[in-house]
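Chemist: Could you look at this predicted model? Sequence included:
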2 protein chains.
Amino acid sequence: MSIEIERKFLVRDERWRGLAVGASLRQGYLSSHPDRIVRVRIEGASAMLTIKGRTVGVSRGEWEYPIPLQEATTFLDGLCEKPTIDKTRYRIPFEGMIWEVDEFYGDNAGLVVAEIELMSENQPFIKPEWIGEEVTQDSRYFNANLIRHPYSCW
Amino acid sequence: MSIEIERKFLVRDERWRGLAVGASLRQGYLSSHPDRIVRVRIEGASAMLTIKGRTVGVSRGEWEYPIPLQEATTFLDGLCEKPTIDKTRYRIPFEGMIWEVDEFYGDNAGLVVAEIELMSENQPFIKPEWIGEEVTQDSRYFNANLIRHPYSCW
């Protein structure tokens, strides 16, 4: 298990574009219950099953299991809650940290969020100028919630 | 993936006892949704994460991933739907087949079911005399449903 400590922000403008090459991500949920998230994710040619416990503050337990790509595709096409989530992830280095910027498509088109993963809850970090409002605690932005209440319906 | 083809029966009497040594099983669900079951199971020192699709007739898709015992314990204690299911499984050979007899405890105490796994839906098999009524299609007996509606409440 790892403890996942993430903070999530909106982006202020388009200055993040061009700072990294994006990777296509497709993900879906076998469970989107906040106490027991079970996520299936395909990134490029690799696939992962991820289990997450309840978020406490900005931390949550996370366990990852690599699975065969074909099985992940079967889960996403046939078993997962619908719709699945399609996004492009840009990994942007800044001041010794990596910012992950996710640009969503489909029912969540128009949504762009930036996340930073920390080693501890109080770890200091410097925000790029294009980082906007923090939404870490806003459950609407949880990926699992973007299935049931996509951005286009807000 | 494997296709799981199982038929489930009640037992008529106690003649199955003594035909095999039992193994303790503890299992719980990260998802008990019938379209996307995610089961955590500990049997002895081994642990498994199992994903199952919707049952069609007596068949359903099933995918199994071994996971570390400690992680399974964390899931069962902290993440899974409550209560978890405790049972003893007896594997009883009969006429070239293996009958799995599950004796439940806790909220499902008193319930004993016998299952046989088949290679095809029409595979013939011989029932031992202690096998009773078939309950394959009775959803009350699905393990995932024994959490929400345990045998003691029937």
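Modeler: Structure's in. What do you need?

Chemist: check contacts around residue A:69.
Modeler: A:42, A:45-47 (Cβ atoms under 8 Å, 6 or more residues apart in numbering or on different chains). In this view, the C-beta of every residue, glycine as well, is placed from N, C-alpha and C.

Chemist: From these, which shows the smallest pLDDT?
Modeler: Lowest pLDDT of these: residue A:45, 91.

Chemist: Look at the closest residue to that one other than its chain neighbours and report its pLDDT.
Modeler: Using Cβ to Cβ, 6 or more residues apart in numbering or on different chains and skipping the chain neighbours, the partner closest in space to residue A:45 is residue A:69 (6.1 Å). Looking at residue A:69, its pLDDT stands at 97.

Chemist: hang on, the earlier thing: keep only those of the contacts of residue A:69 that are in strands.
Modeler: A:42, A:46-47 (DSSP state E).

Chemist: thinking again about what came up before, out of the contacts of residue A:69, which are buried?
Modeler: Buried residues within the contacts of residue A:69, counting neighbours by 16 or more other Cβ atoms under 10 Å in any protein chain shown: A:42, A:47.

Chemist: Among the contacts of residue A:69, which one sits closest to chain B?
Modeler: residue A:47 (11.8 Å; Cβ to the nearest Cβ).

Chemist: What helix or strand is the closest residue to that closest one other than its chain neighbours located in?
Modeler: Leaving aside its sequence neighbours, residue A:47 sits nearest to residue A:72 (Cβ to Cβ, 6+ apart; 3.4 Å). Assigned by DSSP states H and E, residue A:72 belongs to helix A:69-74.

Chemist: Only alpha carbons, please: show that helix as CSV.
Modeler: Presented in CSV, the C-alpha positions along helix A:69-74 are these (Å, rounded to 0.1, in the frame of the first residue of the first chain):
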residue,chain,number,x,y,z
LEU,A,69,-4.3,-4.9,-21.2
GLN,A,70,-7.0,-7.2,-22.8
GLU,A,71,-8.6,-7.8,-19.4
ALA,A,72,-8.7,-4.0,-18.7
THR,A,73,-10.4,-3.4,-22.0
THR,A,74,-13.0,-6.1,-21.2
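
Chemist: Report the buried residues of it.
Modeler: A:71-72, A:74.

Chemist: Next: stretch A:19-29.
Modeler: For stretch A:19-29, using 16+ other Cβ under 10 Å, the buried residues are A:20, A:25-29.

Chemist: likewise stretch A:140-154?
Modeler: Quick answer for stretch A:140-154 (16+ other Cβ under 10 Å): A:141-144, A:146-147, A:150-151.

Chemist: One more: stretch A:112-126?
Modeler: Neighbour-count burial for stretch A:112-126 [16+ other Cβ under 10 Å]: A:112-116, A:118.

Chemist: what distance separates the start and the end of stretch A:113-127?
Modeler: Using Cα to Cα, to the nearest Å, the end-to-end distance of stretch A:113-127 comes to 14 Å.

Chemist: Any idea how far it is from the middle of the chain?
Modeler: 14 Å (Cα atoms, centre = their mean, to the nearest Å).

Chemist: what's the answer for stretch A:75-82, then?
Modeler: 18 Å.

Chemist: Send me it as PDB with only the CA atoms.
Modeler: The C-alpha trace of stretch A:75-82 is given here as PDB (Å, rounded to 0.1, in the frame of the first residue of the first chain):
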ATOM      1  CA  PHE A  75     -13.700  -4.500 -17.900                       C
ATOM      2  CA  LEU A  76     -13.900  -1.000 -19.400                       C
ATOM      3  CA  ASP A  77     -16.200  -2.100 -22.300                       C
ATOM      4  CA  GLY A  78     -18.400  -4.500 -20.400                       C
ATOM      5  CA  LEU A  79     -18.300  -4.300 -16.600                       C
ATOM      6  CA  CYS A  80     -17.400  -0.800 -15.500                       C
ATOM      7  CA  GLU A  81     -20.000   1.900 -14.600                       C
ATOM      8  CA  LYS A  82     -20.900   4.000 -17.700                       C
END
